[in-house]
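Asker: build the 3D model from these lines:
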Amino acid sequence: MIPRRTPDWIRPAVLAIVSLATAAALAAPDSIDSVEKAAGDWVKMRVETARLNSEWSSQRELLESLVASTKERAGALETQRDYLRSKTAEERNEIAAATEANRKSAAAMQDAESSSRALAEKVAALRRRLPPRLSSALDLPYRSLAAENLGASDRMQFVMTILNRCVEFNRVITADEELVSVDGKNTQLLPVVYWGLSHGYAYDRVSRQAWLGRPDGDGWKWSPVANGPAAIERLEAIAQGKAEPAFIVAPAQLSHLESTGTR
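Answerer: Residues are numbered from 1 along each chain as shown. I've put the predicted structure just below:
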């Protein structure tokens, strides 16, 4: 009988050896060596298994302690994370609000850029319909407005400069001599009177011819008028303060209808 103090893993080994010995005794003599070798290998394997089990038992305690310390450290880090979250909640809210404000500002700037470009294009197209004198006076701001790398604020500044000059010009009657091309080809120096932005008069003292200028289609057009030089000359004298104010019948065209009115 196998003693009870024998380790559990040895008892199967002893039984296996006894069985192998019995089988070897009944087997042929030449197979005894192979049986002994197999039994020896099996014993070595069991010894190695016992050694590994022993090492695993000793390492297991260390690993379990490492797992426990890691969990404890993770808990401490989570506590620290929650504390930092609560401490920086106000700052994070301020950052989020600032980010949203920046996004809205960027969108507003983009809208302003688009609106300023559209307005600049309309003002640029308006130049063809301005009185020639005013168009020449606005040459510098118009060239500045056409710059490709112009910012929205600078673009709006030039737009407002042009519009303000147009408003000022529209409030007064301007009388002076200037180079005009009444036939669209030849340029000559003639007395010209502008009635704001709506229309203007030009006349030739030598040939006693007069022209009515006004926005027409995409540009400014001069059209000859009969019986106009005397009235236009009188109008110029009044505008320059050389004659007393008086009612003058001058040619004009309103709403694309030829008419003679008193201005």
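Asker: buried ones in the helix or strand hosting residue 92?
Answerer: Residue 92 belongs to helix 89-126 when assigned by DSSP states H and E. For helix 89-126, the neighbour count (16 or more other Cβ atoms under 10 Å) marks 116, 120, 123, 126 as buried. Any C-beta I mention is one placed from the backbone N, CA and C, and that applies to glycine too.
Asker: does the third one really touch residue 161, like I thought?
Answerer: Pointing back at residue 123 there. No: taking contacts as Cβ atoms under 8 Å, residue 123 lies outside contact range of residue 161: 10.0 Å.
Asker: immediately after the helix holding residue 92, which helix or strand?
Answerer: helix 132-137.
Asker: for residue 251, helix, strand, or coil?
Answerer: strand (DSSP: H, G, I helix; E, B strand; the rest coil).
Asker: so what's it closest to, chain neighbours aside?
Answerer: Using Cβ to Cβ, 6 or more residues apart in numbering and skipping the chain neighbours, the partner closest in space to residue 251 is residue 225 (4.4 Å).
Asker: if you skip the residues just before and after it, what's nearest to residue 137?
Answerer: Sequence neighbours aside, residue 165 is the residue nearest to residue 137 in space, at 7.0 Å (criterion: Cβ to Cβ, 6+ apart).
Asker: and after whichever strand or helix holds that neighbour, which helix or strand comes next?
Answerer: Using DSSP H and E, residue 165 falls within helix 152-170. The C-terminal neighbour of helix 152-170 among helices and strands, as given by DSSP H and E, is strand 173-180.
Asker: so which elements touch that following strand?
Answerer: helix 132-137, strand 188-195, helix 229-239 (3 or more Cβ pairs under 8 Å, 6 or more residues apart in numbering; DSSP states H and E).
Asker: average pLDDT for the last one, rounded please.
Answerer: This means helix 229-239. Mean per-residue pLDDT for helix 229-239: 77.
Asker: burial check on residue 166, number of neighbours?
Answerer: By other Cβ atoms under 10 Å, the residues close to residue 166 number 19.
Asker: mind checking pLDDT for it?
Answerer: 94.
Asker: nearest residue to it in space, please, no chain neighbours.
Answerer: Counting by Cβ to Cβ, 6+ apart, residue 197 is the residue found nearest to residue 166 once chain neighbours are left out, at 6.5 Å.
Asker: go ahead and confirm the one you found touches residue 130.
Answerer: Yes: taking contacts as Cβ under 8 Å, residue 197 lies within contact range of residue 130: 7.0 Å.
Asker: wait, residue 245 sits on residue 238?
Answerer: Yes: judged on Cβ under 8 Å, residue 245 makes contact with residue 238 at a distance of 5.7 Å.
Asker: could you say what helices and strands the helix ranked longest in the chain packs with?
Answerer: Taking DSSP state H as the criterion, the chain has its longest helix at helix 32-87. Contacts defined by 3+ Cβ pairs under 8 Å, 6+ apart place helix 32-87 against helix 10-26.
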